[in-house]
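Enquirer: Quick one: sequence and predicted model below, then my questions.
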Amino acid sequence: MTKLAIAANGLRKSYGDKTVLDGIDLAVPEGTVFSLLGPNGAGKTTAVKILSTLIGADAGALHVGGHDLAADPQAVRAAIGVTGQFSAVDSLITGEENMLLMADLHHLARGEGRRVAADLLARFDLVEAAKKPVSTYSGGMKRRLDIAMTLVGNPRIIFLDEPTTGLDPRSRHNMWQIIRQLVSDGVTVFLTTQYLEEADQLADRIAVLNNGTIAAEGTAEELKRLIPGGHVRLRFTDPAAYQSAAATLRETTRDDEALSLQIPSGGSQRELRSLLDRLDSADIEADELTVHTPDLDDVFFALTGDTHTLHQPKETAR
């Protein structure tokens, strides 16, 4: 069986009469990226704070790194690293000094601490800036330094709470590469994000949190299949071919002016092959075939009713 880095059963947390987490279950296999999505205020950060021992849960059986969160929180802290959406680095000192301070906090010997700091500064492309005050760093550099500091203790589980918030697209993509490298090294990443593309790009599994409960969970592709509306669009330049295709294919939506047909489809390889076989058998050739499948924005909107991340569906030309 797959070994779990994080396991939560019946996790509950309330503040007064407001229930933030209402008995959620989470299972995160080792060496994977698990992304928790949800509208602002859904409880994502609360879940991270509980699982990283920063606050207590009201109820739930919780294990992180194989350790019982309630019985042995110190062992959990030794196994994890946490990086929030707001950088925890000290801007008044240099990047190198931040790293050495973290090494001291982990009780590393002076020589070992310098070696680890140098290795991580090199890994995160911060060598040239290492002796400069962090106040001179860009947002992306500060975030890289923040994660480098998190890795000083060699944690096998890292909680990244909206790590790319406020970063420009280039810095965000650089951060994605860092996360992929961590996972390739066997690290488990628990990621909360407000960028649906980020979860789509990085996560092995995604859970959508809404009103204190998990509305849906699965791979990005599994979640997209929950939402109806996928279709294949065929466009023709030859009116005769268009009419023949319309007569051959069933359940099509016609656009006689654009000479295009829309056929409901989940976009799977099997469905596309079947459609193309039917066209080939009738000796019909479309000039353009595009596939629309619901994306994570569609899923997010359908499950939460939150429109702040909704954008137009994408069509992919084939």
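Expert: Ah, there it is. Residues are numbered from 1 along each chain as shown.
Enquirer: switch to C-alpha atoms for all contacts and neighbour counts from now on
Expert: OK.
Enquirer: Now the phi/psi pair for the residue of the chain most remote from its centre, please.
Expert: Distance to the chain centre peaks in the chain at A240, reaching 46.4 Å (criterion: Cα atoms, centre = their mean). Dihedral angles of A240 (phi, psi; degrees, to the nearest 10) stand at phi -70, psi -40.
Enquirer: ok, the residue nearest to the spatial centre of the chain - contacts?
Expert: The geometric centre of the chain, computed from its C-alpha atoms, lies nearest to A199 (Cα atoms, centre = their mean), at 2.4 Å. Residues near A199 by Cα atoms under 8 Å, 6 or more residues apart in numbering: S35, T193, I206, A220.
Enquirer: out of these, which are inside helices?
Expert: Judged by DSSP state H, those include A220 as members of helices.
Enquirer: Quick check: the two most widely separated of the contacts of A199?
Expert: T193 and A220 (14.2 Å; Cα to Cα).
Enquirer: Correct me if wrong, but the residue nearest to the centre of the chain is in a helix.
Expert: Yes - counting by DSSP: H, G, I helix; E, B strand; the rest coil, A199 is located in a helix.
Enquirer: Mind pulling up the pLDDT for it?
Expert: pLDDT for A199: 93.
Enquirer: how near is it to A8?
Expert: Distance of A199 to A8, given as Cα to Cα, to the nearest Å: 21 Å.
Enquirer: do L160 as well
Expert: 18 Å.
Enquirer: between the two, which one's more packed in?
Expert: Between L160 and A8, counted using other Cα atoms under 10 Å, L160 has the larger neighbour count: 22 against 19.
Enquirer: Please identify the next secondary structure element, helix or strand, after the one helix or strand the more buried one maps to.
Expert: Assigned by DSSP states H and E, L160 belongs to strand 157-161. Sequence order places helix 169-184 as the next helix or strand after strand 157-161, per DSSP H and E.
Enquirer: quick one: low-confidence ranges for the stretch 51-200 of the chain?
Expert: 85-87 (pLDDT under 70).
Enquirer: which residues in it form helices?
Expert: Along the stretch 51-200 of the chain, counting by DSSP state H, counting those that start in this stretch, helices occupy 73-79, 95-105, 110-123, 139-150, 169-184, 196-202.
Enquirer: Please tabulate those in TSV and include distance to H292 as additional columns.
Expert: Shown next, in TSV, are those (distance: least, Cα to Cα, whole Å):
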stretch	distance to H292
helix 73-79	42
helix 95-105	46
helix 110-123	39
helix 139-150	34
helix 169-184	25
helix 196-202	16
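Enquirer: Count the residues that sit near H231.
Expert: 20.
Enquirer: what sits against it?
Expert: Contacts here follow Cα under 8 Å, 6+ apart; on that basis H231 touches Q262, I263, P264, S265, G266, G267, V291, H292, T293.
Enquirer: With adjacent residues omitted, what lies nearest to I214?
Expert: V208 (5.7 Å; Cα to Cα, 6 or more residues apart in numbering).
Enquirer: That neighbour bridge partners, please.
Expert: Taking DSSP bridges as the rule, V208 bridges to L37, A216.
Enquirer: How about L234?
Expert: In this entry, L234 is beta-bridged to L261, L289, by DSSP bridges.
Enquirer: The stretch 201-318 of the chain: strands as residue ranges?
Expert: 205-210, 213-218, 231-235, 253-255, 260-264, 288-292, 315-317 (DSSP state E, counting those that start in this stretch).
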